[in-house]
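Make a model of this:
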Amino acid sequence: MPGAALPVDVPAASAEVEAFVAQLLADRTQPLVLFALEWCEFCWSLRKLFAKAGIPYRSIDLDSTAFQRDDRGGQIRKLLRAKTGAATIPQVFVAGEWLGGCTDTLDAFKSGKLQAQLTAAGVRFDDKAEIEPHALLPGWIHPR
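Next comes the predicted model:
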């Protein structure tokens, strides 16, 4: 549930990390932000969706070397959990508003909610793309 409190033993993110995330979410030149892990199949599903629909996005790969110093990736994950109440990755924000994780984003695309948010944020994309978003999920989810 959004805004759920973290357990007491979870340390807060540094002021630098908090400012970094706030700046990302406030940047209207890149309104779609994907907090992801490089190895995550659900993150790959969203990357495929965005590519097929021509949706520009900024990916913050929390397990990349750029975020390993001082456990910045871990701090960002804790901050996201405190902000959203969700412990899972990926997490998607549009124009600073939390959309949700992988299935939330796929559902939002299927319903047109994501496209409406992108349009409202001034993001250009292929609005004619015909995509079954749930087909982009990892194959092991769709047993044959």
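
any weak-confidence spans in the protein?
Scanning the chain for pLDDT under 70 picks out the ranges 1-11, 143-144.

Quick check: beta-bridge partners of the residue nearest the centre of it?
Against the mean C-alpha coordinate of the chain, by C-alpha atoms, centre = their mean, the closest residue is Val92 at 2.4 Å. Following DSSP bridges, Val92 is listed with bridge partners Leu34, Gly100.

Neighbours of Glu97, how many?
A count of nearby residues for Glu97, using other C-beta atoms under 10 Å, gives 12. Any C-beta I mention is one placed from the backbone N, CA and C, and that applies to glycine too.

got a list of what it touches?
Glu97 makes contacts with Gln117, as judged by C-beta atoms under 8 Å, 6 or more residues apart in numbering.

ok, now how distant is Lys78 from Trp98?
15 Å (C-beta to C-beta, to the nearest Å).

Gln117 contacts Val92, doesn't it?
No. Contact between Gln117 and Val92 fails when scored by C-beta atoms under 8 Å: they sit 10.0 Å apart.

Mutual contacts of those two, please.
Residues touching both Gln117 and Val92 (C-beta under 8 Å, 6+ apart): Leu99.

Give me the distance between the residue nearest to the centre of the chain and Lys128.
Taking C-beta to C-beta, one finds Val92 at 22 Å from Lys128.

Then Gln23?
Computed as C-beta to C-beta, the Gln23 to Lys128 distance reads 33 Å.

Show the contacting residues for the residue lying closest to Val21 once chain neighbours are set aside.
Spatial nearest neighbour of Val21, chain neighbours left out: Leu79 (5.7 Å); criterion: C-beta to C-beta, 6 or more residues apart in numbering. Listed by C-beta under 8 Å, 6+ apart, the contact set of Leu79 reads 13, 17-18, 21.
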